[in-house]
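Visitor: Structure of the sequence below:
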Amino acid sequence: MSFPLDKFKELRTPFYYYDTDLLEQTLQAIKAAMLPGSHLHYAVKACANPAVLQLIAKSGAGCDCVSGGEIKACLRAGFKADSIVFAGVGKSDWEIELALQEGIFCFNVESKPELEVIDQLAAAKGRTARVALRINPNVGAHTHANITTGLAENKFGIDMQDMEDVIALAKRLKNVELIGLHFHIGSQILEMDDFEALSKRINELQERLDGIGVSLKHINVGGGLGIDYTDPDKHPIPEFSTYFNTFYKHLSLRAGQQLHFELGRSVVGQCGSLITKVLYVKENAIKKFCIVDAGMTDLIRPALYDAYHRIDNLTSDEAEETYDIVGPICESSDVFVKGYKMPKARRGDLLALRSAGAYGEIMASQYNCRPLPSGYTKKDLLDD
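Guide: You can find the predicted model right below:
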């Protein structure tokens, strides 16, 4: 990835930079890898930068929302309401009413009480709500414990043993239309065996549906495909063909069934970088600290998940030195990386924390009364 350094030097740091050329190439790669009868709903929780959302909407993708705020953001960005799926274990009444009013494609329902509330609110509006049941498949994923979602111990979804009972309830309710099943087992998954296991579990559940005479048109397998945080330049675009083909090979879809995906990180992760400036280089008896003006308020993943982001010194080509790269927040966990080798840092150098397009800007906070970071696209800067 190249960076317009002359433009960067004019901007107040820290800020997010999105390479829209790479994002467009990623969207094209997804389209090329998907078969007819498949649908992409971009997982908005990964990044809701308005310019990024607009570009994804223009590609023809739908969106996967987990809040009323995300639904509003997607509608503003140009997504069609009938391409929106609405997930989340705790949908509030106003969010459900908003989704009903806008006529979204589908609610991914996570419990019996939620299903009943959607039916009541739909009845009050004289609407019929399309729903898919989110089933917890009890399939583990090889990823961080905090971002697994498909185990029985997780808060998400309906237990498999309750599936038939909830289907029976949905059929009794007058203002919901059951159209499918939904699944999601976690995030930053790089082993296709996890998705193969999910496919086999879905096949088992479909056989149970066959046994009770239930036929559903839509199967939604969620998302979860990871990216290469270690070497983003070597793998700027994930192996989408391998990912999609895992499901195409192992899922036993029924005639006419439509397959839905909810990719987020793999769509936007590599196109975004957090740009920060070196404030001070501080040395004590045992190590050197490179203190930058970005912190855990701007990119919380390292503090929250012990996540790794490659860091490039964009303005130095000197010999490498070893640093703990840390932010200004009054927390000991405000550390991006320890013992990191990079070209010698000096006050004023610009660093890029790579692979920050997903769960970066969207998770920023104002702790310590800090302003939220700005977000710029390549087009924004080069058109100026």
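Visitor: Farthest from the middle of this protein: give me that residue.
Guide: Ala285 (41.2 Å; CA atoms, centre = their mean).
Visitor: Next one: that one from Glu191, what distance?
Guide: Counting by CB to CB, to the nearest Å, the separation of Ala285 from Glu191 is 42 Å. (C-beta placed from N, C-alpha, C; glycine too.)
Visitor: try Leu27
Guide: 24 Å.
Visitor: who has more neighbours, these two?
Guide: Taking neighbours as other CB atoms under 10 Å, Leu27 and Glu191 compare with Leu27 leading, 21 against 12.
Visitor: Any regions of the stretch 151-300 of the chain where pLDDT drops low?
Guide: Along the stretch 151-300 of the chain, segments meeting pLDDT under 70 span 151-156.
Visitor: Just the strands from it, written as ranges.
Guide: Counting by DSSP state E, counting those that start in this stretch, the stretch 151-300 of the chain has strands at residues 158-159, 176-182, 218-220, 258-261, 272-283, 288-292.
Visitor: rewinding a little: gap between the residue farthest from the centre of the chain and Glu114?
Guide: Distance of Ala285 to Glu114, computed by CB to CB: 57 Å.
Visitor: swap in Lys58?
Guide: Separation of Lys58 from Glu114 (CB to CB): 32 Å.
Visitor: Counting neighbours, go ahead and name the busier of these two.
Guide: In terms of neighbours (other CB under 10 Å), Glu114 is the more surrounded of Lys58 and Glu114; the figures are 20 against 13.
Visitor: For the more buried one, what are phi and psi?
Guide: Dihedral angles of Glu114 (phi, psi; degrees, to the nearest 10) stand at phi -60, psi -40.
Visitor: Please name the spatially closest residue to it (chain neighbours excluded).
Guide: Once flanking residues are discounted, Glu114 sits nearest to Lys91: 6.3 Å by CB to CB, 6 or more residues apart in numbering.
Visitor: Remind me which helix or strand the one you found belongs to.
Guide: Under DSSP states H and E, no helix or strand contains Lys91.
Visitor: Do you know the pLDDT at it?
Guide: What the model reports for Lys91 is a pLDDT of 97.
Visitor: For Met363, which of the strands of the stretch 151-300 of the chain is the nearest?
Guide: Evaluated over the strands of the stretch 151-300 of the chain, closeness to Met363 peaks at strand 272-283, with 11.4 Å, by CB to CB.
Visitor: The closest one pairs with which strands, parallel or anti?
Guide: Each strand paired with strand 272-283, and its direction, by DSSP bridges: strand 15-18 (antiparallel), strand 288-292 (antiparallel), strand 350-353 (antiparallel).
Visitor: ok, residues contacting the first one?
Guide: Here strand 15-18 makes contact (CB atoms under 8 Å, 6 or more residues apart in numbering) with 3, 8, 49, 51-52, 268, 271-275, 352, 356-357, 360-361, 373-378, 381.
Visitor: So what touches stretch 74-84?
Guide: Contacts for stretch 74-84 (CB under 8 Å, 6+ apart): 39, 41, 44, 50, 53-54, 56-58, 61-65, 71, 99, 102-105.
Visitor: 7 Å - rerun?
Guide: With contact meaning CB atoms under 7 Å, 6 or more residues apart in numbering, stretch 74-84 is reached by 41, 44, 50, 53-54, 57-58, 62-63, 65, 71, 102-105.
Visitor: Among these, which lie within helices?
Guide: Pro50, Leu53, Gln54, Ala57, Lys58, Ile71, Glu102 (DSSP state H).
Visitor: Report the two of those residues separated the most.
Guide: Greatest spatial distance in the ones in helices among the contacts of stretch 74-84: Lys58 and Glu102, 19.5 Å, computed using CB to CB.
Visitor: who are the neighbours in contact with Lys234?
Guide: Asp228.
Visitor: How about stretch 208-217, which residues are buried there?
Guide: Residues of stretch 208-217 classed as buried: Leu209, Val214, Leu216 (neighbour count, 16 or more other CB atoms under 10 Å).
Visitor: Out of the residues you listed, which sit inside helices?
Guide: Among the buried residues of stretch 208-217, the members falling in helices (DSSP H) are Leu209.
Visitor: I'd like the buried residues of stretch 208-217 laid out as TSV, including distance to Lys171.
Guide: Formatted as TSV, the buried residues of stretch 208-217 follow (distance: CB to CB, whole Å):
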residue	distance to Lys171
Leu209	12
Val214	9
Leu216	12
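Visitor: just to revisit the earlier point, going through the contacts of stretch 74-84, which ones are buried?
Guide: Using 16+ other CB under 10 Å as the burial test, these include His41, Val44, Leu53, Ala57, Gly62, Cys63, Cys65, Ile71, Glu102, Ile104, Phe105 as buried.
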